[in-house]
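Novice: got a sequence here, can you model it:
(one chain, ligands or ions: 1)
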Amino acid sequence: MIPSQTGGIETIRKIVRELAAQATFMKERIAIVGSGFLGLTLAKRLADAGHKVTIFESAPEIGGLASVWEINGIVWDRHYHVVLASDRHTRNIIEEIGLGDDFKWVETKTGFYTDGELLSMSDTKEFLTFPALDLISKLRLGATIFFASKIKNWKKLEKVTVQEWLTKMSGKKTFEKMWKPLLKAKLGEAYRETAASFIWATIQRMYSARNSGMKREMFGYVKGGYGRVLGRFNDVLLDRGVEIRLNSKVDKIERLANGKIRVTPVSARRHKDIKPKVQKTKYAAFEAAVAVAPGFSGAFLSEPQHSSTVVDFPENTGSQLFDKVIVTAPSNVAEKMLPQLDEREKKQLRNIKYQGIVCASVMMRCSLSKYYVTNITDDTPFTGIIEMSAIVDKREFDGNALVYLPRYIAPDDELFDKTDDEIERYFLNGLERMYPHFRRQDVVAFKISRVRQVFPVPVLHYHEGLPDMRSSVDGVYIVNSSHIVNGTLNINETVQLAERFFEQEFSA
Ligand SMILES: Cc1cc2nc3c(=O)[nH]c(=O)nc-3n(C[C@H](O)[C@H](O)[C@H](O)COP(=O)(O)OP(=O)(O)OC[C@H]3O[C@@H](n4cnc5c(N)ncnc54)[C@H](O)[C@@H]3O)c2cc1C
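Specialist: Here you go, the predicted model:
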């Protein structure tokens, strides 16, 4: 009797201890630096697991590269975004926040601007009649793509440059005529040091889209664009008690002697110069934009607004203490925040080389073409043309066309320092030369986004030089797109990375 009673009490004690331990675990205070899709997905996973989460975001709105802005009274993506049918992780997270039924799928066409001519390249017949390459070159090009789609061991391709590999596979002529301009369009001069794994990942993504069970080249978007997705994400997180601190650029992260981690945003004094926009205004603008776009159900106009719990500058600019901190900012930015990192890790983070972008959004009265993407092999001011309104119903844009003109460049390229007027003139001159029907008077709005760190350049042996996501400062993690080692930069990979990291570090 007595031994079993003692055993019973011991069992109860054990259960109480276990529950207490779980309660402590559940109540970890976790800071996330950055509110891009990586930060948002992690915030949701951690909040769902019972943690108390705070997001620090330097911008006046959430979303990072996928954030939105207002152009000609319409709120739409700052950078062009589409979802592929094979983007399982993107589709899942959008479904999780309740917008899974709001995808629209559209068959797309691809154009090619080469030797001063705009050509269609949307199917095999068009490929075979493509005049810029002879038949043998085309066959070698097709064989290269097919062969790359079958390769499983991408690590081997990290040991050879993309230039060497593609020249060997497709021939020098095809490399110079097709591959080189396309590589330069995305990587600039950094294509010379890029590994062949880059083109492998690009081809794999293209193939996964085609093998997804849908018709060829189906691209999707959520009605209302990423503004709608982010608005809903914002609400879902606030409902789970996540604190979102906008205009909060993190300056320093330090581990204290008591094991807590202090996160310090830039001082209120410096912040005052930034003149932040208030998030509420943004969403109000978003609602107005939807209201003026005929063809919309307007159903989400009645979605609850929780802006009151989003902390905007100048409130709450002081330091805060956390149990753990996850930094999703680019590697070189993360390195500057963390003076306690060991020297080896600092060097690894600094060594990650980024590619940037200047990307113009042009709203105009008439379309440029029927193509969603126009690849360019000639020398033009921009490195591609993306006509969003070839996919998205023009009624979303008040009947206008929305075209993006990206130019991917190195972070120190002088284009970053040109004024908006200079870039606008430069880009519109390019459009005039390419499209005889284009007239400047048809442009109703022109806006320019500049981002110096968009994606890391996958150089030779890239994954070997990558620091661990668990940093050398206990309790601090650095997780960002540099950890997408065998893929291209897209939201699907970003969400997948967040899931992988969460599983690895936080699932019981
Ligand atoms: C031109 C372009 C087109 C694209 N097209 C597509 C597409 O069609 N389909 C697709 O799936 N994906 C596309 N992408 C990729 C997609 O946008 C990214 O995969 C995704 O947004 C990356 O999210 P992230 O959270 O990793 O990074 P980010 O979005 O860069 O988020 C990082 C966040 O950290 C914040 N931050 C940085 N420093 C600090 C600091 N010191 N303190 C606080 N906050 C800080 C930044 O402001 C930012 O919000 C495109 C990207 C670009 C640029």
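Novice: only C-alpha atoms from now on, for both contacts and neighbour counts.
Specialist: Will do.
Novice: got the confidence number for Val362?
Specialist: At Val362, the model reports a pLDDT of 98.
Novice: name the SS class of Val53, please.
Specialist: The three-state assignment at Val53 reads strand, by DSSP: H, G, I helix; E, B strand; the rest coil.
Novice: now check stretch 45-57, is it near the ligand?
Specialist: Yes. Under the criterion of Cα under 6 Å from any ligand atom, the ligand is reached by stretch 45-57 at Phe56, Glu57.
Novice: and for that stretch, what are the contacting residues?
Specialist: Stretch 45-57 is contacted from outside by 25-35, 39, 43, 237, 240-250, 502, 506, using Cα atoms under 8 Å, 6 or more residues apart in numbering.
Novice: repeat for stretch 482-492
Specialist: 37, 87-90, 154, 197-198, 201-202, 205, 330-331, 352, 455-456, 458, 462-463, 466, 469, 481, 493-494, 497.
Novice: those residues in helices, which ones?
Specialist: Among these, the residues falling in helices (DSSP state H) are 37, 88-90, 154, 197-198, 201-202, 205, 331, 493-494, 497.
Novice: farthest pair within these?
Specialist: Using Cα to Cα, the ones in helices among the contacts of stretch 482-492 reach their maximum pairwise distance at Arg88 and Ser331, which is 26.6 Å.
Novice: neighbour count for these two, which is higher?
Specialist: Counting neighbours by other Cα atoms under 10 Å for Arg88 and for Ser331 shows that Ser331 has the greater number, 25 against 16.
Novice: quick check, Asp323 in contact with Asn258.
Specialist: No. Using Cα atoms under 8 Å, Asp323 is not in contact with Asn258, being 10.3 Å away.
Novice: the more surrounded of the two?
Specialist: Per other Cα under 10 Å, whichever of Asp323 and Asn258 has more neighbours is Asp323, with 17 against 6.
Novice: wait, what's in contact with the more buried one?
Specialist: Asp323 makes contacts with Glu28, Arg29, Ile30, Gly259, Lys260, Ile261, Gly475, as judged by Cα under 8 Å, 6+ apart.
Novice: 7 Å instead?
Specialist: Taking Cα atoms under 7 Å, 6 or more residues apart in numbering, we find Asp323 in contact with Glu28, Arg29, Ile30, Lys260, Ile261, Gly475.
Novice: for the ligand, what are the nearby residues on this structure?
Specialist: Going by Cα under 6 Å from any ligand atom, the residues of the chain near the ligand are 33-39, 56-59, 63-66, 79-83, 248-251, 328-329, 454, 480-481, 489-492, 494.
Novice: let's see it at 5 Å
Specialist: Contact residues, the chain versus the ligand (Cα under 5 Å from any ligand atom): 34-38, 57-58, 64-66, 79-82, 249-250, 329, 489-491.
Novice: please pick the buried ones from those residues.
Specialist: 34-38, 57-58, 64-66, 79-82, 249-250, 329, 489-491 (16 or more other Cα atoms under 10 Å).
Novice: out of these, list just those in helices.
Specialist: Counting by DSSP H, those place Phe37, Leu38, Ile491 in helices.
Novice: would a markdown table of the residues you listed with pLDDT be doable?
Specialist: Listed next are those as a markdown table, based on pLDDT from 0 to 100:
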| residue | pLDDT |
| --- | --- |
| Phe37 | 98 |
| Leu38 | 98 |
| Ile491 | 98 |
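Novice: and which of those residues is nearest to Leu166?
Specialist: Ile491 (27.0 Å).
Novice: so Ala43 sits in a strand?
Specialist: No. Applying three-state DSSP, one finds Ala43 to be helix, outside a strand.
Novice: quick one: contacts for it?
Specialist: Val53.
Novice: and it, how close does it get to Phe455?
Specialist: Computed as Cα to Cα, to the nearest Å, the Ala43 to Phe455 distance reads 22 Å.
Novice: Asn153 too?
Specialist: In terms of Cα to Cα, Asn153 sits 22 Å off from Phe455.
Novice: quick one: mean pLDDT over stretch 74-89.
Specialist: For stretch 74-89, the mean confidence score works out to 96.
Novice: if we can go back for a sec, for Phe175, state which of the contacts of Asp323 is nearest.
Specialist: Comparing those against Phe175 with Cα to Cα places Gly475 closest, at 46.7 Å.
Novice: can you pull the contacts of the residue nearest to the closest one when sequence neighbours are not counted?
Specialist: Counting by Cα to Cα, 6 or more residues apart in numbering, Lys324 is the residue found nearest to Gly475 once chain neighbours are left out, at 4.8 Å. By Cα under 7 Å, 6+ apart, Lys324 lies in contact with Arg29, Ile30, Ala31, Ile261, Gly475, Val476.
Novice: filter the residues you listed down to just the ones in strands.
Specialist: Arg29, Ile30, Ala31, Ile261, Val476 (DSSP state E).
Novice: of the contacts of Lys324, which is the nearest to the ligand?
Specialist: The closest of those to the ligand turns out to be Ala31 (Cα to the nearest ligand atom; 10.6 Å).
Novice: check contacts around the closest one.
Specialist: Counting by Cα under 7 Å, 6+ apart, Ala31 has contacts Val53, Thr54, Ile55, Phe322, Lys324, Val325, Ile326.
Novice: so Pro456 bridges to which residues?
Specialist: Tyr354 (DSSP bridges).
Novice: return the distance of it relative to Ile136.
Specialist: Counting by Cα to Cα, the gap from Pro456 to Ile136 is 34 Å.
Novice: bridging residues for Ala195?
Specialist: If you apply DSSP bridges, the partners that Ala195 bridges to are Thr161.
Novice: which residues touch it?
Specialist: Ala195 is in contact with Leu157, Glu158, Lys159, Val160, Thr161, Val162, Pro458, Val459, Leu460, counting by Cα under 7 Å, 6+ apart.
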